Structures are given as C-alpha cells and as structure tokens.
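> A predicted structure for the sequence below; I have some questions about it.
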Amino acid sequence: DAGVIQSPRHEVTEMGQEVTLRCKPISGHDYLFWYRQTMMRGLELLIYFNNNVPIDDSGMPEDRFSAKMPNASFSTLKIQPSEPRDSAVYFCASSTSGRQRYGYTFGSGTRLTVV
Amino acid sequence: AQSVTQPDIHITVSEGASLELRCNYSYGATPYLFWYVQSPGQGLQLLLKYFSGDTLVQGIKGFEAEFKRSQSSFNLRKPSVHWSDAAEYFCAVGSGGYQKVTFGTGTKLQVIP
C-alpha cells in the first residue's frame, strides 16, 4: 500500500487566494482526519470523517475553511480566502474501525505558506 | 475532556544512553494511549499503542512504554538510543469507541555522539 497520499507537498500562495489541499487515504480505511500543525499550537484536529460523512468539524477555525469527502478514496481541505495566519503544515490521516483500529496512518503533509 | 501533557519540550541524550520520555494523560475511563514519532519534514508514525491487558507495551524500533494507571502516565523508553532516533515524539490519548485522538505538544529529542 502506498500509504496516505497528500498533494501538493508544498504550496505558496498569496493572501486572498483559494487553496485546495488533497488527500487519498489508505484503501479500506473508513476514518479520515485533517490536522494542522504549527509551532505555536501544535497538532490541531480540524475535522474528521467516517464513511465519507463529516463527524466532528468543531476544530475548523472559521468559515473560510471547508472540507469534503466525495468518496472513500479522496478528500479535500479548502481555504478561501487564505490569510498569512493559515501558514502551517496540514496533515491528513486515516484509520480503520476494523481489527487494526486506532492506529492512525499519517500522510507526509502539505506545507502551506501564505504571503 | 481528554488531554495529554508532555512536560519536556526538549531532551538531549548521548548515543547509547537510555531514554525515557514522559507523558501524563487525563481521562475519566480507561484510555487508549499512543506514541508517535515525527522526523523532520515527515508525517507522524505510530510507535506503539495501549488498549488493555499487559501494561508494558512493545513497539517498533526498540521502543516500549508502560501504562501506570495510578500515576496517569504512559512513559516511553528505550534502553539504548541511536542517532537515528533524533526526532519529535508525541503522546496521544483516545477513548474506546471514539476515534478522536488528542495529541500532546511533543518532545524533541536530540542525540549527541
């Protein structure tokens, strides 16, 4: 298995632009998580899905952030409009409620810089 | 609400020395506990996890952790550290039947020759 795949690895954008981050979870995993990592706040859970349905989006910082999971193999996190304070590393992770549950597999992350 | 405290932000050890990273959790029932490692520029990798049973858990890369309910702790240990262990280590707590996991703030490990 190729693991959790995130794209792009790096994104530099200007303030006010729309940014879309992408994630492909591990096949067969029914949970998908979006995390944000910064020096100041550490790892923050933004939102997570179960069977493509958003379960908890209480960590989404503002309405500028939105996430979708149109099918079991793809999710997006969109920021519109982007602001410099959104600069962070965004991680996607997946896990299963099956026998190997509770072992998150993380992607390599997308480093977002908003200038 | 569940929470995790990692009291050490940075730790420096000599190669070959033993290592213990501290983790204290707060959770009302029996917790699900994890240790993850993050190398620079990489995502987090699961080292080990505790759900129930034997309180001493073995993980990958020669790491182990011990669950101590009386101390609300889940400290990570390694008998002999290698230079490649230099990374950031995160303790995390979750709850049974609920996939949401809360991470600690991490401990950055430096290994000196």
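Looks like it arrived, so ask away. Values in this document were obtained by computation on a predicted structure and should not be read as measured data.

> what's B:Ser70 sitting at in phi/psi?
phi -60, psi -30 (degrees, to the nearest 10).

> swap that for A:Asp86, please
phi -80, psi -10.

> please look at it and A:Leu112 and confirm they touch.
Yes - in this structure A:Asp86 lies within contact range of A:Leu112 using Cβ atoms under 8 Å: 6.4 Å. Every C-beta, even on glycine, is put in place using the N, C-alpha and C of the backbone.

> what do these two both touch?
Each of A:Val19, A:Ile79 lies in contact with both A:Asp86 and A:Leu112 under the rule Cβ atoms under 8 Å, 6 or more residues apart in numbering or on different chains.

> check which helix or strand covers the spatially closest residue to B:Gly16 that is not a sequence neighbour.
Distances taken as Cβ to Cβ, 6 or more residues apart in numbering or on different chains put B:Ser80 closest to B:Gly16, at 5.4 Å, once the chain neighbours are dropped. Of the helices and strands defined by DSSP states H and E, none includes B:Ser80.

> so B:Ser80 sits against B:Ala17, correct?
Yes - taking contacts as Cβ under 8 Å, B:Ser80 lies within contact range of B:Ala17: 7.3 Å.

> before we move on, back to that, what's the local residue count around the residue nearest to B:Gly16?
Using other Cβ atoms under 10 Å in any protein chain shown as the criterion, B:Ser80 is surrounded by 11 other residues.

> following the worst-scoring helix or strand of chain B on mean pLDDT, which helix or strand shows up next?
One helix or strand of chain B scores below all others by mean pLDDT, DSSP states H and E: strand B:98-103, with a mean of 77. Downstream of strand B:98-103, the next assigned helix or strand under DSSP H and E is strand B:107-112.

> what sits up against that next one?
Contacts for strand B:107-112 (Cβ under 8 Å, 6+ apart): B:6, B:8-15, B:19, B:21-22, B:81-83, B:85-90.

> try 10 Å this time
The set of residues external to strand B:107-112 that reach it, using Cβ atoms under 10 Å, 6 or more residues apart in numbering or on different chains, is B:6-17, B:19, B:21-23, B:37-38, B:76, B:78, B:81-91.

> out of those residues, which are buried?
Those of the contacts of strand B:107-112 that meet the buried threshold are B:6, B:11, B:13, B:19, B:21-23, B:37-38, B:76, B:78, B:81, B:85-91, by 16 or more other Cβ atoms under 10 Å in any protein chain shown.

> keep only those that also lie close to chain A.
Contacts with chain A within these, as defined by Cβ under 10 Å from any Cβ of the partner chain: B:Gln6, B:Gln38, B:Phe90.

> tell me which of these fall in helices.
In helices, judged by DSSP state H, none of these are found.

> closest one to A:Gly103 out of the residues you listed, please.
Distance to A:Gly103 across these (Cβ to Cβ) is lowest for B:Phe90, with 13.9 Å.
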